[in-house]
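how does the following fold in three dimensions:
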Amino acid sequence: MPGVGIGFSLASMLSGPRLILIALTALWLLLFNVLREEWQVNPQYGYGFLVPLLGLSLLWQRWPDRPPVAPTASAGLIALTFGLLALQLPFQLVQEANPEWRLLYWLHAIQVLGLTFGWLYFVGGKSWLHHFAPALLFLLMSIPWPMGVERAVIQGLMQFVAAMTTEVAGWMGIPAVQHGNLIEVGVGVVGIEEACSGVRSLQSALMISLFLGEMYRFSALRRTSLLGASIVLVLIANVARTSFLVWAAANRGLQQMEAWHDLAGNIVMWIILPSLMGLALLLKPKVAPVASVSSPQTSGEGSQLPALPRWIGIAALTWLFAVQGVTELWYRSHERQLIANVDWSVAWPEKEPGFARTAVPEKSLAMLRCSQSEAARWQDDSGNHWSGFLLHWEPGRNSEQLAKGHRPDICFPAIGARLAGDFGRVTLAADGFDLTFRHQSFEVGPQTIHVFFCLWSEKISPNEKVLREDNSYDSRFQAVLAGKRNLGQKVFEIVVQGPDTGDAAVALFKSELPKLARRK
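Reported below is the predicted structural model:
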């Protein structure tokens, strides 16, 4: 009977293993939704939007020659699965308050990957796990690198490219001096956003080489060779790019160089992508390797998924819905209790000698996506040189993530400055309220500058006047307990050159801050 057939088909589709597969799909989508915010605000990881689609195509490619089903179940596996699934609640709660925390990105991804591996092991045994693992591991390419690793690798590569470009400029008869990631020529400085941003293509090239290696089922040696070649190719292409931009600046002027900047970047990618594809075809074995798995399964013994109580799949899906509800309830209940923080603005010392309004570069503003910005520089009566800026983000899901992305320890090394001292946090009195700054000093050539960085939330918990905003584990969990998310943010940064010691810089800034930061 048609009704019986439809009911039987629906029951088969909603079997225990398939319901768990639906839950796993939901977990991957939730993870990608969290990462999507990083892909949007950080151009370096804009390629992340492609990774889920490419990963899905790799899984689809591996499905026809999957091994025979050899289900494996144990009490330990079931306990581990439920334990990993339970982590979804704390992960969700912490991510709401810390959407930029890359360590949590990786922990969350490992959790979802572990659950997926567990499902594969239960359904198909070790052979299924080994068969699908490479395609699933490729999905990790969508996750931003840990901040420390990213700074060390990317800054190192950028400085290498700048050094090589300086050498090439000398061969071309163009006098050039390297300052960190910057290259100074006669007409001015070729800034990091003009000369070195092309190194962002490194991560895209790594992603493509890993994708091609899996698509062609390369051996470990061939995959490693393709990966190494992608790094070499990116470095060569970017040295050529920066050399062209330096030549353009020296011979055609900075304005013309800027006009050619985007075209040069596009040419780099047009060179890298076809070159990697061509290299992959050269590395592709002339004779396809003999598959170690059986022919595609369509019917017969071993083709059906193992039996699993349907209530387990229903419970997993119910738990995911409950996690979303509990998280939203937690933050909404706390957000109703948050109170407005002190509203203040910066009164720039317009009467000081050499005062001038400045502006944050447009390309930096495009990456920061702040709602408002203002900046200035001046010199005081004692001859100390000052500069500073105030950035403001309206309340939104990425406001804190964007604000924390502009920190001295990230930006100053990019212009050739060396971190000389980290004096920690210092709380100073402003106009009837306190501001907490992170105080660091940097060496720029023979000069030492002191930088004071303040991250300010526009709402606070009534039970705690000031929550720490220093990215420590303690401050991150404080934000969760206080139910802080989607808050407006300010970044106030002051740079002073003149004081010889950290204490002298603090004493000087302490005397000036009440005149700068004024309560509205």
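
got the domain boundaries for this protein?
Dividing the chain into domains by automatic domain parsing, as the record does, gives the ranges 147-283, 339-519.

which one of those domains lies nearest to Trp311?
Nearest to Trp311, of all those, is domain 339-519, at 31.6 Å by CB to CB. Every C-beta, even on glycine, is put in place using the N, C-alpha and C of the backbone.

got a list of what Arg438 touches?
Under the criterion of CB atoms under 8 Å, 6 or more residues apart in numbering, the contact partners of Arg438 comprise 408, 422, 424-426, 452-454, 470.

include mean pLDDT when you put the domains of the chain into JSON lines, please.
Formatted as JSON lines, those follow (pLDDT from 0 to 100):
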{"stretch": "domain 147-283", "mean pLDDT": "81"}
{"stretch": "domain 339-519", "mean pLDDT": "83"}
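
need these in a markdown table with distance to Asn33, can you?
Converted to a markdown table, the domains of the chain look like this (distance: least, CB to CB, whole Å):
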| stretch | distance to Asn33 |
| --- | --- |
| domain 147-283 | 20 |
| domain 339-519 | 10 |
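
distance check, the closest residue to Ala240 other than its chain neighbours against Met147.
Nearest-residue entry for Ala240: Val268, 7.9 Å, with adjacent residues in sequence omitted and distances by CB to CB, 6 or more residues apart in numbering. Applying CB to CB, to the nearest Å, the value for Val268 to Met147 is 25 Å.

look at the two and report which has more neighbours.
Neighbour totals were compared for Val268 and Met147, and Val268 leads with 24 against 18 (other CB atoms under 10 Å).

just to check, Lys484 is in contact with Ser475?
No: in this structure Lys484 lies outside contact range of Ser475 using CB atoms under 8 Å: 10.3 Å.

compare the two and say which is more crowded by neighbours.
Lys484 (23 against 14).

quick one: contacts for that one?
Contacts of Lys484 were listed using CB under 8 Å, 6+ apart, and they are 97, 334, 338, 457, 459, 461, 467.

now do the buried residues in the helix or strand where Ala205 lies.
Following DSSP states H and E, one finds Ala205 within helix 201-215. Neighbour-count burial for helix 201-215 flags 201-215 (criterion: 16 or more other CB atoms under 10 Å).

same check on stretch 65-73?
Within stretch 65-73, the residues scored as buried using 16+ other CB under 10 Å are 66-69, 71-72.

and which of the buried residues of helix 201-215 is nearest Gln447?
Nearest to Gln447 among these, with distances taken as CB to CB, is Leu202, at 31.5 Å.

any idea how far the closest one lies from Val234?
Taken as CB to CB, the spacing of Leu202 relative to Val234 amounts to 5 Å.

kindly report the same for Phe355.
For Phe355, the distance to Val234 under the criterion CB to CB works out to 44 Å.

which one's more surrounded, these two?
Between Phe355 and Val234, counted using other CB under 10 Å, the more crowded position is Val234 (27 against 14).

now do the contacts for the more buried one.
Taking CB under 8 Å, 6+ apart as the contact definition, Val234 lies against 199, 201-202, 205, 272.

name the element it belongs to?
Using DSSP H and E, Val234 falls in helix 220-252.

tell me the angle of that helix relative to helix 201-215?
Orientation check (axes from the mean of the first three to the mean of the last three CA atoms, to 10 degrees): helix 220-252 against helix 201-215 gives 150 degrees.

quick one: buried residues of the next helix or strand after helix 220-252?
Toward the C-terminal end, the helix or strand that comes next after helix 220-252 (DSSP H and E) is helix 254-283. Of all the residues in helix 254-283, those buried under the rule 16+ other CB under 10 Å are 254, 257-258, 260-261, 264-265, 267-268, 271-272, 275-276, 279-280, 283.

helix 254-283 vs helix 220-252, what angle?
Here the directions of helix 254-283 and helix 220-252 differ by 160 degrees (the same axes, to 10 degrees).

so how far is the helix or strand that helix 254-283 is followed by off the chain centroid?
Tracing the chain past helix 254-283, the next element assigned as helix or strand by DSSP H and E is helix 310-335. For helix 310-335, the distance between its averaged C-alpha position and the chain's averaged C-alpha position is 26 Å (CA atoms, centre = their mean, to the nearest Å).

and the next helix or strand past helix 310-335?
Next along the chain after helix 310-335, taking DSSP H and E as the criterion, comes strand 339-340.

how far is the next helix or strand after that following strand from where the chain is centred?
Beyond strand 339-340 in the direction of the C-terminus, DSSP H and E gives the next helix or strand as strand 344-346. If you compare the mean C-alpha spot of strand 344-346 with that of the full chain, they lie 30 Å apart, counting by CA atoms, centre = their mean.

rewinding a little: gap between the helix holding Val234 and the chain center?
In this view, helix 220-252 has its centroid 23 Å away from the chain centroid, taken as CA atoms, centre = their mean.

buried ones in that helix?
When burial is assessed from 16+ other CB under 10 Å, helix 220-252 yields the following buried residues: 222-223, 225-226, 229-230, 233-250.

could you do stretch 20-37 as well?
20-24, 27-28, 30-32, 34-35, 37.

helices - which of the residues you listed land there?
Residues from these lying in helices, with DSSP state H as the criterion: 20-24, 27-28, 30-32, 34-35, 37.

mind putting those into TSV with pLDDT and distance to Leu53?
Listed next are these as TSV, based on pLDDT from 0 to 100; distance: CB to CB, whole Å:
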residue	pLDDT	distance to Leu53
Ile20	86	23
Leu21	88	19
Ile22	91	19
Ala23	92	21
Leu24	94	17
Leu27	96	18
Trp28	96	12
Leu30	94	17
Leu31	95	15
Phe32	96	10
Val34	91	17
Leu35	93	14
Glu37	82	18
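
Gly170: which of those residues is nearest?
Using CB to CB as the measure, the one of these that approaches Gly170 most closely is Leu35, at 42.3 Å.

that closest one and Val326, how far apart?
For Leu35, the distance to Val326 (CB to CB) stands at 22 Å.

over to Trp393?
According to CB to CB, Trp393 stands 27 Å off from Val326.

neighbour count: the two, which is higher?
For the pair Trp393 and Val326, the greater number of neighbours falls to Trp393 (22 against 13), based on other CB under 10 Å.

I'd like the next helix or strand past whichever helix in the chain runs longest.
Taking residue count as the measure and DSSP H as the definition, the longest helix of the chain comes out as helix 102-138. From helix 102-138 onward toward the C-terminus, using DSSP H and E, the following helix or strand is helix 147-171.

and the angle for that following helix with helix 201-215?
Using the same axes, to 10 degrees: helix 147-171 against helix 201-215 is 110 degrees.

next secondary structure after helix 147-171?
Next in sequence after helix 147-171, counting helices and strands by DSSP H and E, comes strand 177-179.

ok, back up a step: and the buried residues of helix 254-283, which is closest to Thr116?
Top of the list for closeness to Thr116, among the buried residues of helix 254-283 and by CB to CB, is Ala280 at 26.6 Å.

hmm, that closest one is touching Ala229, no?
No: Ala280 lies out of contact with Ala229 (CB under 8 Å); the separation is 9.4 Å.

quick one: common contacting residues for the two?
Applying CB under 8 Å, 6+ apart, one finds that Ala280 and Ala229 are jointly contacted by Ser209.

got the contact list for the residue at minimal distance from the centre of the chain?
Among the residues of the chain, Pro144 comes closest to the average C-alpha position under CA atoms, centre = their mean, at 4.0 Å. Neighbour list for Pro144: 35, 38, 42, 44-45, 102, 105, 150 [criterion: CB under 8 Å, 6+ apart].

can I have the buried ones of the contacts of Arg438 as a PyMOL selection?
Here is the PyMOL command that selects the buried residues among the contacts of Arg438 (16+ other CB under 10 Å):
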select buried, resi 408+426+452+453+454
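
now for the contacts of Arg438: which two are most distant?
In these, two members sit farther apart than any others by CB to CB. They are Asp422 and Cys454, at 15.4 Å.

leaving out the residues flanking it, which one is nearest to Val451?
In space, Val451 comes closest to Pro408 once its chain neighbours are excluded; the distance is 4.5 Å by CB to CB, 6+ apart.
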